[in-house]
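Undergrad: Coordinates only, no sequence provided:
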């Protein structure tokens, strides 16, 4: 699987899953355009990719702002002449009782997580269409399928992403653009060594996930050779959502 000279735009690319995705795509020869709200982290992340021999540029982007998204896609076109792949990864979460969650907080989560996927896919598709097509991968979550208490806005945003994915797959298919989504389960992005054995045992595969696990799923969905895969919702959770849990 090679992405040599394919242009890949990643939102929320400065840390966590987003940065993990950029590293894996860079290792496959992709040309990275990294968007993120945090300019210092984004600049450092792109520099880290280049230090390892990859090609990456950073573009500041607040995905809540339509004009920032338009600027990100134009910057990718200006830098590399095309867009082949978009990874819609940017997102926020907020655990708060539904009795206390404000309308502004609800809107911020939905706009950051779900609306941005639509806007970014729409803008990237304009450039993809000119060059014969491309692939969009949206980052959903297993929270689209199950919940903890006090996660209403986050769950709603991730469920919206799953639905948006199949809708856009149908709409953009005639232009050669495939749209799929990944739902990560428990992915540890900070101190993996601090996890307990009980954490790992919750997963049938015997471990908590890592950003590279999600990056590999993105590689599969973005690979031009997988031209028959669109509208797909790929759950990558180590089997956790399939394990029945009984209270003792």
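TA: Done, it's in. Being a predicted model, the structure only gives us computed values, none of them experimental. Numbers count the residues shown, from 1 in each chain.
Undergrad: what residues are up against the residue nearest the centre of the chain?
TA: The centroid of the chain falls nearest to residue 89 when counting by CA atoms, centre = their mean (2.5 Å). By CB atoms under 8 Å, 6 or more residues apart in numbering, the contact list for residue 89 reads 10-13, 17-18, 21, 139. C-beta coordinates here come from the backbone N, C-alpha and C atoms, glycine included.
Undergrad: where does it land on pLDDT?
TA: Looking at residue 89, its pLDDT stands at 98.
Undergrad: Give me the distance between it and residue 188.
TA: Per CB to CB, to the nearest Å, residue 89 is found 16 Å from residue 188.
Undergrad: and if you look at residue 241?
TA: For residue 241 relative to residue 188 (CB to CB), the value is 17 Å.
Undergrad: Now tell me which helix or strand of the chain has the poorest mean pLDDT.
TA: Using mean pLDDT, DSSP states H and E, the weakest-scoring helix or strand in the chain turns out to be helix 197-201, at a mean of 90.
Undergrad: and that helix, how far out from the chain's middle?
TA: 26 Å (CA atoms, centre = their mean, to the nearest Å).
Undergrad: do you know how far the residue nearest to the centre of the chain is from residue 223?
TA: Distance from residue 89 to residue 223, by CB to CB: 17 Å.
Undergrad: Any stretches of the protein with poor pLDDT?
TA: For the chain, the stretches with pLDDT under 70 are 1, 247-248.
Undergrad: In it, mark out all the helices, start to finish.
TA: 16-27, 39-51, 66-80, 103-110, 116-130, 152-172, 197-201, 211-222 (DSSP state H).
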